[in-house]
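Student: Sequence and predicted structure, then a few things I'm wondering about:
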Amino acid sequence: MKHIVKTRIRNLSEIITAGVFILVMFFLASCTSIQPNADVIEGNETHESTVSATSTSTPTNTPLPTSTPEPSATPSPTVFWDGPIVIGESVDGRLIEVYRFGTGPRKLLIIGGIHGGYEWNTIKLTEQLISLIRGRPDWIPDDVTLFILRSLNPDGEARAQGIHGRTNENGVDLNRNFPAQWKLEWPIDGCWRYLPVTGGPYPASEPETLAVMQFMIDEDISALINYHSAALGIFPGGQPPDAASVSLAEAVAAVSDYAYPPIDTGCVFTGQLIDWASMQGIAAIDIELANHRDTDLKVNIEILHVFLHWEP
């Protein structure tokens, strides 16, 4: 009996010893698994110490974070052409737009459609020139900026192709509305007289007139070609014509078959764009296309090249 009791006590002792061993091993294993978190805490404490030391102006060798430098801005290359650029609106709210080619200091202007749908082929010509020049930057000299105003009278253009498209929405002939020898009415002998028109209630009364005048002044335009139709030739600006406008007219006439001096029908011209331009010191000419249908594109490309290189 005593042997049995001793055996059980020994077994129990062995069990307790084994249990203690297991507990010790478990404790050691637990300490090992906690260690990484202790490192994190220690790292945070070190960071706080570093911040504290920095605040007391104690120099350290710890490198400071640096931001990645942004690339410096480089100017974009100058765009050869731009447009349409809105310079105003018509009586009926249609946009008056120009296209720009080149960036030189000598600024030139070509205008189509001052008589709207009646001279629709002048608008077609400006469209053709715009399309061609966009693909030919070599045509524009370095010292030139060329502006092309597609249609100065978009209301007349929208209204009709023919005599009913000549005036703006107020019934004003825009080429009689400029402040140069302006008259409300004028003798009709030798002049256009298919429908009643006026020069407006006063000079520069129309928004289209004001828009192009302001644009020419703002841009300091030095020379102008204003396209018309039909068949009367090349008219220099000024009454009497100024020397620079005559020089431009002669240069253009040398490469075209358009009449110069122009055909004299006996019409008294009042309120004209080219005469107002001449008063501003701008060399200006009217060119009348051969008829009311064609754009005479080939000859007007030759005229364009002369215009781009002409200087008074």
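Tutor: That came in fine, so what should we check first? Numbers count the residues shown, from 1 in each chain.

Student: on contacts alone, who are the packing partners of the lengthiest strand in the chain?
Tutor: What stands out as the longest strand in the chain, according to DSSP state E, is strand 81-89. In terms of contacts (3 or more C-beta pairs under 8 Å, 6 or more residues apart in numbering; DSSP states H and E), strand 81-89 is packed against strand 95-101, helix 120-134, helix 207-219. Glycine gets a C-beta too; all of them are placed from N, C-alpha and C.

Student: Give me the angle between the second one and strand 81-89.
Tutor: So the one you mean is helix 120-134. 150 degrees (axes from the mean of the first three to the mean of the last three C-alpha atoms, to 10 degrees).

Student: Can you tell me what sits against the following helix or strand past helix 120-134?
Tutor: Moving toward the C-terminus from helix 120-134, the next helix or strand (DSSP states H and E) is strand 144-149. Residues from elsewhere that reach strand 144-149 (C-beta atoms under 8 Å, 6 or more residues apart in numbering): 87, 96-112, 126, 129-130, 133, 140, 212, 215, 219, 221, 308.

Student: ditto for stretch 120-137
Tutor: Residues outside stretch 120-137 that contact it (C-beta under 8 Å, 6+ apart): 80-81, 83, 99, 101-102, 110-115, 139-140, 146, 148-151, 157, 161, 165, 227-229, 289, 291-297, 300-301, 304.

Student: What's the separation between the nearest residue to Asn153 once chain neighbours are set aside and Arg293?
Tutor: Sequence neighbours aside, Gly116 is the residue nearest to Asn153 in space, at 3.8 Å (criterion: C-beta to C-beta, 6 or more residues apart in numbering). Distance, Gly116 to Arg293, using C-beta to C-beta, to the nearest Å: 16 Å.

Student: So the two - more neighbours on which side?
Tutor: Using other C-beta atoms under 10 Å as the criterion, Gly116 and Arg293 rank with Gly116 on top: 30 against 11.

Student: now Phe186: how far from Glu302?
Tutor: One thing to correct before we go on: residue 186 is Trp, not Phe. Trp186 is 34 Å from Glu302, by C-beta to C-beta.

Student: ok, the two, which is more surrounded?
Tutor: Trp186 (19 against 14).

Student: Can you tell me the element the nearest residue to that one once chain neighbours are set aside falls in?
Tutor: Of all residues beyond its chain neighbours, the one nearest Trp186 is Thr270 (4.9 Å), with distances taken as C-beta to C-beta, 6+ apart. Assignment of secondary structure by DSSP H and E places Thr270 within no helix or strand.

Student: what's the neighbour count on Thr270?
Tutor: Neighbour count of Thr270, defined by other C-beta under 10 Å: 23.

Student: remind me which residues of this structure are low pLDDT?
Tutor: 1-78 (pLDDT under 70).

Student: now the strands for the chain?
Tutor: 81-89, 95-101, 106-111, 144-149, 223-229, 234-236, 283-289.

Student: Asn170 is nearest to which of the ones you listed?
Tutor: strand 81-89 (13.3 Å; C-beta to C-beta).

Student: mind checking how far the residue nearest to Ile285 when sequence neighbours are not counted is from Gly237?
Tutor: Of all residues not flanking Ile285 in the chain, Ala249 sits nearest, at 4.9 Å (C-beta to C-beta, 6+ apart). According to C-beta to C-beta, Ala249 stands 9 Å off from Gly237.

Student: for the residue nearest to Asn153, what are its contacts?
Tutor: Ser151, Asn153, Pro154, Asp155, Gly156, Glu157, Arg159, Gly165, Arg166, Thr167, Asn168.

Student: Return the distance of the third one relative to Gly171.
Tutor: The reference is to Pro154. Distance, Pro154 to Gly171, by C-beta to C-beta: 15 Å.

Student: Between the two, which has more neighbouring residues?
Tutor: Pro154 (25 against 13).

Student: so what's that one closest to, chain neighbours aside?
Tutor: Leaving aside its sequence neighbours, Pro154 sits nearest to Arg94 (C-beta to C-beta, 6+ apart; 3.9 Å).

Student: same question, Asp242
Tutor: Once flanking residues are discounted, Asp242 sits nearest to Ser278: 4.9 Å by C-beta to C-beta, 6+ apart.

Student: anything in contact with each of Ala249 and Gly237?
Tutor: Contact criterion C-beta under 8 Å, 6+ apart; residues shared by Ala249 and Gly237: Ile285.

Student: gap between the two ends of stretch 229-237?
Tutor: 17 Å (C-alpha to C-alpha, to the nearest Å).

Student: wait, doesn't the residue nearest to Asp242 sit right on Ala284?
Tutor: Yes. With contact defined as C-beta atoms under 8 Å, Ser278 reaches Ala284; the gap is 5.7 Å.
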